[in-house]
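Q: The following block contains a protein sequence and its predicted model.
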Amino acid sequence: MRAIMGAAPRQILRLLQATAFARIQCECIRLSKAASPERFNYQRRIEVCTRELGFLEYTLTSDERSAVRLERALFLRLLLASAPQRLASWSDKETLDEMPASHLFEWVSHDEERMELAEIENAMTPQEKVRYARARIHLASQSPS
């Protein structure tokens with residue numbers, strides 16, 4: 001899919017990741033109860049990315065919109081597949097006060113990734129679901145066992 005994507009779909013994928021990162025950072029700051037001006041910067045980044053996404057999504061064809069959904073879903077699946085390694089040293093018995101910032105970030109990231117993936121999968125058309133399933137099978141056959 002990447003080979004046929006134009007500039008706008010690639011930019012949308014970058015903006016989706018930037019938005020996710022900013023959302024995760026905001027949530028980490030909120031959960032850690034840190035009084036940080038950085039939270040305002042991340043919230044502002046979310047607003048800017050959301051506006052840019054709205055403009056760029058308007059320019060996409062339906063095939064490009066579909067390709068973006070599929071690429072984003074596959075990327076989120078890749079991130080979720082790495083969760084056992086990313087969360088291996090994390091204990092859910094730690095309180096937020098005891099938890100290192102890196103663990104909090106991975107924990108929030110994992111939750112955000114799961115929620116975004118579910119949202120995308122639920123919005124897929126039947127045709128997209130078929131292409132998505134084929135792509136997942138293809139990717140699974142490419143990974144070393």
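A: That came through fine.
Q: how about whatever helix or strand Leu78 lives in: buried residues?
A: Assigned by DSSP states H and E, Leu78 falls within helix 62-81. For helix 62-81, the neighbour count (16 or more other C-beta atoms under 10 Å) marks 64, 66-74, 76-77, 79 as buried. Every residue, glycine included, has its C-beta placed from N, CA and C.
Q: Stretch 117-124 now?
A: Those would be 117, 120, 124, for stretch 117-124 by 16+ other C-beta under 10 Å.
Q: returning to what we had before: got TSV for the buried residues of helix 62-81, with distance to Leu104 and pLDDT too?
A: Shown next, in TSV, are the buried residues of helix 62-81 (distance: C-beta to C-beta, whole Å; pLDDT from 0 to 100):
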residue	distance to Leu104	pLDDT
Glu64	36	92
Ser66	35	93
Ala67	33	93
Val68	29	95
Arg69	29	95
Leu70	30	96
Glu71	28	95
Arg72	24	96
Ala73	25	97
Leu74	26	95
Leu76	20	96
Arg77	23	94
Leu79	17	92
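Q: By residue count, what's the longest helix in this protein?
A: The single longest helix within the chain, with elements called by DSSP state H, is helix 7-32.
Q: Quick one: list the elements packing against the lowest-mean-pLDDT helix or strand in the chain.
A: Between all helices and strands in the chain, the lowest mean by mean pLDDT, DSSP states H and E belongs to helix 83-86, at a mean of 78. With contacts defined as 3 or more C-beta pairs under 8 Å, 6 or more residues apart in numbering; DSSP states H and E, helix 83-86 has these neighbours: helix 101-123.
Q: quick one: contacts of the helix it packs on?
A: 20, 23-25, 27-28, 31-32, 69, 72-73, 76-77, 79-80, 83, 86-87, 89-90, 94, 96, 99, 129, 132 (C-beta atoms under 8 Å, 6 or more residues apart in numbering).
Q: Tell me what angle it forms with helix 7-32.
A: 130 degrees (axes from the mean of the first three to the mean of the last three C-alpha atoms, to 10 degrees).
Q: Give me the helices and strands touching the helix or strand following helix 101-123, please.
A: For helix 101-123, the following helix or strand on the C-terminal side (DSSP H and E) is helix 126-142. Where contact means 3+ C-beta pairs under 8 Å, 6+ apart, helix 126-142 is packed against helix 62-81.
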